[in-house]
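A.B. asks: Any chance you can model this:
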Amino acid sequence: MRPGIRLVRTAIAGGLLCALTIMPGRAATAGPMIWHTPVPYAGAGTAIGVTAQATCDAPCTARIFYRTTVAEAPADLFTRDDPTWASLTMGRDPGINLGTQTVFSFFVTLPGSVADSRGVDYIIKVIDGAAVSWSPGSPALLGGGLSSGYRSGAHHVFVAAPTSITHAPVATATYRTSIPIRVDANCPSACSGTLFFRRTGLLQPTFLGGDDPGSNPTDGADVQWNAISMNLTAVNNSFQQYGAGLYTFTAQIPSAYVDTRGVDYAVRVSDGRTKSYWPGTVYNGYAAPSDGTRFGWQHVHVVNPALAWHAQVQYSTTRATPLSLQFQALCWTEACSAQIRYHTFGGPIVIAAMSQTTVTFVGGAKLITYGYTVPASSVVAPTLSYVFRFTDGYTTAFSPGSAYNGYYVKLDGAQTGEYQVVVL
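C.D. replies: Numbers count the residues shown, from 1 in each chain. As a prediction, this is how the structure comes out:
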């Protein structure tokens, strides 16, 4: 029969009625049985009351082991040894005698000094003579001579609240305009914010996770990460009754970093004990404690990278006649230029600069028409092939081809095929 359960048989007319009755107690082959409702939550810096009950053959004792949770150092999962943590002897009431056993209630108060945003871990040990039981864990099984159960992990108290960030990402920005960044963070105590930013560069090896972004040797010097402290602009303490305040941090990404490649940024907020990232994770203190981790970065699309298109495609022309070609490009920078690359069938590629023929300002950008005349000596049968290349000094676009993409896997524009004119 399992500990604490008795089978009661009652004779009635015509048969036998059997019923299971739950009774406090334990089998003679088991050590103390512990009943405990874990403490799920506590405020930062507040004392934590812990209670438990256990069945014992004789007056028994209980001890609680506790610590402030340590990230990346989970409690042992399967051991009979005492943890090397601080400990206290738990108080005990006189007990309730149930005949063969006594139910004792134990109580203790953990000091508020251990309750910070990392959380608190604790383990209860009950000793009844030679028998030792644990919570969380197992009771002693006396039948085989085993005088101690095993402890497994620890009870974790969530302390409100580990640092976490709320942020509305900045999706777009205008060329050479500073980018304001604002985050709100809950912190159980005074905390600090750090903004990391760079001109968009190549994919980093640490893209999938890590701590603060650092230098990437494969990138150029002008696209390395920078870090600045964010300004604490507001504190809302109306949440202090729950153990946290709401902090607002702001910073500006300087306009000098805002070009058509785009801008990448990440934010870290720390209270000195736990930290969180945007984009990323927050501190977790349960089972396998881990601090917040960055996951990639937020990309800001700076409008617009170089764009090019060729609307007046010419499909045929007469041999030995100059061929005038035009295409249009959208440019936001001061360094716009275009090339044409052309060749006859089987002939060498000729690269030539194109001239601006018209410039129209559209919402802060320049809509430029470029022109070039292929000399008559290059217009020979059977075909003339050509492609346009345009750059704004930072990004490149081709026609036919693609434009720059800066989201995570950075790709500049690339040529895809050629325009072809049949020479008659």
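A.B. asks: Around His299, count how many other residues there are.
C.D. replies: Neighbour count of His299, defined by other C-beta atoms under 10 Å: 19. Every C-beta, even on glycine, is put in place using the N, C-alpha and C of the backbone.
A.B. asks: So it sits against Val409, correct?
C.D. replies: No: here His299 does not reach Val409: they are 10.6 Å apart, not a contact under C-beta atoms under 8 Å.
A.B. asks: Can you list the residue ranges for strands in the stretch 301-424 of the chain?
C.D. replies: Taking DSSP state E, counting those that start in this stretch, the strands of the stretch 301-424 of the chain run over residues 307-309, 316-317, 323-331, 337-344, 350-353, 355-362, 365-374, 383-391, 396-399, 419-423.
A.B. asks: What helices and strands are in contact with the shortest one?
C.D. replies: In other words, strand 316-317. In terms of contacts (3 or more C-beta pairs under 8 Å, 6 or more residues apart in numbering; DSSP states H and E), strand 316-317 is packed against strand 419-423.
A.B. asks: The strand it packs on pairs with which strands?
C.D. replies: Here strand 419-423 is paired, per DSSP bridges, with strand 316-317 (parallel), strand 383-391 (antiparallel).
A.B. asks: re the thing from before, for the strands of the stretch 301-424 of the chain, could you give me JSON lines that also reports mean neighbour count, distance to Tyr150 and mean pLDDT?
C.D. replies: Shown next, in JSON lines, are the strands of the stretch 301-424 of the chain (neighbours: other C-beta atoms under 10 Å; distance: least, C-beta to C-beta, whole Å; pLDDT from 0 to 100):
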{"stretch": "strand 307-309", "mean neighbour count": "20", "distance to Tyr150": "67", "mean pLDDT": "93"}
{"stretch": "strand 316-317", "mean neighbour count": "14", "distance to Tyr150": "87", "mean pLDDT": "90"}
{"stretch": "strand 323-331", "mean neighbour count": "21", "distance to Tyr150": "69", "mean pLDDT": "94"}
{"stretch": "strand 337-344", "mean neighbour count": "19", "distance to Tyr150": "74", "mean pLDDT": "96"}
{"stretch": "strand 350-353", "mean neighbour count": "12", "distance to Tyr150": "76", "mean pLDDT": "98"}
{"stretch": "strand 355-362", "mean neighbour count": "11", "distance to Tyr150": "73", "mean pLDDT": "93"}
{"stretch": "strand 365-374", "mean neighbour count": "18", "distance to Tyr150": "70", "mean pLDDT": "96"}
{"stretch": "strand 383-391", "mean neighbour count": "22", "distance to Tyr150": "68", "mean pLDDT": "96"}
{"stretch": "strand 396-399", "mean neighbour count": "24", "distance to Tyr150": "65", "mean pLDDT": "96"}
{"stretch": "strand 419-423", "mean neighbour count": "17", "distance to Tyr150": "76", "mean pLDDT": "95"}
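A.B. asks: what would the ones you listed look like in CSV with distance to Thr248?
C.D. replies: Output for these, formatted as CSV (distance: least, C-beta to C-beta, whole Å):
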stretch, distance to Thr248
strand 307-309, 37
strand 316-317, 64
strand 323-331, 37
strand 337-344, 44
strand 350-353, 51
strand 355-362, 37
strand 365-374, 34
strand 383-391, 40
strand 396-399, 40
strand 419-423, 54
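A.B. asks: which stretch among these comes nearest Ala168?
C.D. replies: Closest to Ala168 of the strands of the stretch 301-424 of the chain, according to C-beta to C-beta: strand 365-374, at 26.0 Å.
A.B. asks: now the angle from the closest one to strand 419-423?
C.D. replies: 30 degrees (axes from the mean of the first three to the mean of the last three C-alpha atoms, to 10 degrees).
A.B. asks: Can you pull the domain assignment for this structure?
C.D. replies: As assigned by automatic domain parsing, the chain contains the domains 5-160, 164-303, 307-423.
A.B. asks: Distance from the second one to the middle of the chain?
C.D. replies: Mean-position distance between domain 164-303 and its chain equals 11 Å (C-alpha atoms, centre = their mean, to the nearest Å).
A.B. asks: what's the answer for the first one, then?
C.D. replies: Relative to its chain's centre, domain 5-160 lies at 36 Å (C-alpha atoms, centre = their mean).
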